[in-house]
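S.K.: Fold the following.
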Amino acid sequence: MPPQYKPPYTVPAPNAQDVEGETVAMRHFLFKDKLVDKPDDLEKQTMWAMYLHGNEIGGDRPFLGARRMEDGVAKEYVWQTHKQVRERIDNFAKGLSTLGLKRQRSLGIYSVNRPEWTISELACYRQSYIIVALYDTLGAEAMEYIINQVDMEFIVASSDKVGNIARLKDKLPTIKTVIAMDDKVKQEDKDAAAKAGLVLHTFQDVEKIGQGLTEEEHAGPEPDDIATICYTSGTTGVPKGAVLTHANCVAPIASISALGETGSFAKVNHTDVYISYLPMAHVFERAAQGIHVFKGASIGYYQGDTLKLLDDIAVLRPTVFCSVPRLFNKIYDKVLSGVKAKGGASSFLFNTAFNQKKANLHKTVHHWLWDKVVFGQIRAKLGGRIRFILSGSAPVSPDVMDFMRICFSARVFEGYGQTENFCGGCLTVQDDNTSGVVGVPFPCTEIKLIDVPDMEYKSTDKPYPRGEICMRGHSVMQEYYQVPDKTAETIDSDGWLRTGDIGLFDSAGRLQIIDRRKNIFKLSQGEYIAPEKIEGVYQKHELIAQAFVYGDSLQPSVVGIIVPDKEALLRWASNKDMSAEQLCASEDVKKEILGLLTTYGKQNDLKSFEQIKALHLTMDEFTVENDLLTPTFKLKREVAKNVYGEQIKSMYETLSNGRSFN
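M.R.: Residues are numbered from 1 along each chain as shown. Got it, this is the predicted structure:
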């Protein structure tokens, strides 16, 4: 059994100075004297050294797995061992070097998650190449911007992306070589690549080039070498490239390992199986995979289609699952609406079991009876072997966090961090099942809060200090690549990273995210609005799948674009004999749903000025493909404002005429 730690979980850093307008720097209570920079037994503070450590542990155990395809149908997972992957890494790295890729030059990786992605990543660490990951859903404009900014010459891509690169070649003058991850490139794309003057290789070709080659000496990377330029997925504007060194990337992974050893976080080990489905272009997934690589564990990849993710999970049966609130919210909605639809004895039994477990949640996530009788089927949806779940990328509502712990009978942790510090922000403490907090600083990080006077948040606030969250430590990036003005805005002269998030430290020393500085706007009457907070409340309602709350400084109220949950909507309106699209167009339905949301918002402590006063219903989901979501499923507000500009204008006109729906 891990030790039971007691608060406070955060303590002042040694010799922390009192500065007016900010709290003192706070650190993890178990690592207050020295910030963690690397594992104690690691020779060098590099990602390649981290890999070698895991490879030695892993040996002949399964490392990278993907599902075998037969006539387009996914079958069992086929595995490559740690030893086999090591040979492929060496061969691919030597092949890249032979083709002319130089140390500290960039290699683009453009694909969904798959074994070749990780092999490319590890080969880059070996040779001290700079990884520049391209989201597989990236639009042409952003892709052109990133490739040209880093002067990229080589790019590894899945076969379906080769044509995209070839067609953009006129705007990508530096690209010379494309390496397809398999031999399934269409002939028309091969022809387009040849016509564009691109040299096209397959992954296997490059491995063969490197096979058998001997190296005079392999130096490996240095801690201060750039490991990756990780571009923010960006809800507004052009993407910014966070320059992260090997030392920056090692520190958070070393911190997770150190926390596992102390028992204040789940301990990852070589027997764990991890499902990789979040975009590897995002630091959350890179860091999550990083700890499993370091521990010699197994990583299984999804098919590349999130609609088939639960099928992949059922076959893989992972022990560790990392995801984002959007997926957890969907599971929450589906389970609760299903329970409500069953009614009767089933609903009574579920609610009884749920409430009993919730009452005891401060002690344990397990129950000897209810875990088998009631929650076994829900747990089976994630394969039935999950030891712990980690949520990141955005805050999870307390209701959903409690739900996950109760229904999956697993430890559920929440993490907080940013691209700019390789996710090295905060983690919740093992067996502290308090919801609504993001935990305590990573051992590699210290955190302070600074006053935000225009939003009335102060470090002297009672009962808890509040302010903008600032982080400093070994994981903070060096700069935004070639954007010195943005770097200066984000990192001050003392190395503090300004996050744009507003937080408070509670009495136990846990950080809580309470607001967002960047997405705040003011209404005409002077009230400040945090749209993400309002959207988070509405999206918990069983009828609502997605919400976009918009406000204008010239207007006295906010309005909403609402995407209903189709199944729940049709069930709710079963007596109306209308399709989902017809229901969305019905003025009576809009009025009813607005009333339901107003009541629900009041029950969830939304103030009157935070409630939408008009809404537009649509069955067109916000997706990555239609550019309304970033690859990490965050709403692109500027894009949404433009897409729904006419509807927003119409709603405000309706409100000015005295009606409250549209």
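S.K.: would Asp311 count as being in a helix?
M.R.: Yes - checked against DSSP: H, G, I helix; E, B strand; the rest coil, Asp311 lies within a helix.
S.K.: What sits closest to it if chain neighbours are left out?
M.R.: Nearest in space to Asp311, with sequence neighbours left out and distances taken as CB to CB, 6 or more residues apart in numbering, is Ala74 at 7.2 Å. Yep, even glycine has a C-beta here, placed from its N, CA and C like the rest.
S.K.: what's around the one you found, how many residues?
M.R.: 17 (other CB atoms under 10 Å).
S.K.: for Gly220, same thing?
M.R.: Neighbours of Gly220 (other CB under 10 Å): 16.
S.K.: so it, which of the three states?
M.R.: coil.
S.K.: Just give the closest residue to the spatially most central residue of the chain, not the sequence neighbours.
M.R.: Central residue of the chain (CA atoms, centre = their mean): Ser393, 3.7 Å from the mean position. Counting by CB to CB, 6+ apart, Ser393 lies nearest to Val324, which is 4.3 Å off, once chain neighbours are set aside.
S.K.: what's near enough to touch the one you found?
M.R.: Leu278, Phe284, Ser391, Gly392, Ser393, Ala394, Thr632, Phe633 (CB atoms under 8 Å, 6 or more residues apart in numbering).
S.K.: swap in Ser264?
M.R.: Here Ser264 is in contact with Pro2, Tyr5, Leu30, Val429, Gln430 (CB under 8 Å, 6+ apart).
S.K.: Buried by neighbour count, from these: which ones?
M.R.: Those of the contacts of Ser264 that meet the buried threshold are Leu30, Val429, Gln430, by 16 or more other CB atoms under 10 Å.
S.K.: Confirm that the second one sits in a strand.
M.R.: What that stands for is Val429. No - residue state for Val429 (three-state DSSP) corresponds to coil; a strand is not indicated.
S.K.: Val483: how many residues sit nearby?
M.R.: For Val483, the count of nearby residues is 15 (other CB under 10 Å).
S.K.: So for it, what's the pLDDT?
M.R.: For Val483, the model assigns a pLDDT of 95.
S.K.: From Ala242, how far out is it?
M.R.: Plainly put, Val483 is 10 Å away from Ala242 if you go by CB to CB, to the nearest Å.
S.K.: Arg67 is in contact with Ile313, isn't it?
M.R.: No - with contact defined as CB atoms under 8 Å, Arg67 does not count as touching Ile313 (11.5 Å).
S.K.: how far away is Leu310 from Ala297?
M.R.: Taken as CB to CB, the span from Leu310 to Ala297 is 22 Å.
S.K.: and these two? which has more neighbours close in?
M.R.: For Leu310 versus Ala297, neighbours defined as other CB under 10 Å are more numerous around Ala297 (25 against 14).
S.K.: ok, the more buried one - contacts?
M.R.: Gly54, Gly58, Val268, Asn269, His270, Thr271, Asp272, Val273, Tyr274 are the contacts of Ala297 under CB under 8 Å, 6+ apart.
S.K.: make it 10 Å
M.R.: Ala297 is in contact with 54, 57-58, 61-63, 82, 268-274, 289, 291, 319-320, counting by CB atoms under 10 Å, 6 or more residues apart in numbering.
S.K.: Just the strands from the stretch 301-450 of the chain, written as ranges.
M.R.: 320-323, 388-391, 411-416, 426-427, 440-441, 445-450 (DSSP state E, counting those that start in this stretch).
S.K.: among the ones you listed, which is nearest Arg88?
M.R.: Proximity to Arg88 (CB to CB) singles out strand 320-323 among the strands of the stretch 301-450 of the chain, at 23.9 Å.
S.K.: what about the closest residue to Thr598 other than its chain neighbours, neighbour count?
M.R.: Once flanking residues are discounted, Thr598 sits nearest to Gln611: 5.5 Å by CB to CB, 6+ apart. Gln611 has 21 neighbouring residues, counting by other CB under 10 Å.
S.K.: measure Gln611 to Lys602 for me?
M.R.: In terms of CB to CB, Gln611 sits 8 Å off from Lys602.
S.K.: For the lowest-mean-pLDDT helix or strand in the chain, name the packing helices and strands.
M.R.: In the chain, the helix or strand scored least confidently by mean pLDDT, DSSP states H and E is strand 521-522, which has a mean of 78. Where contact means 3 or more CB pairs under 10 Å, 6 or more residues apart in numbering; DSSP states H and E, strand 521-522 is packed against strand 528-529, strand 544-551.
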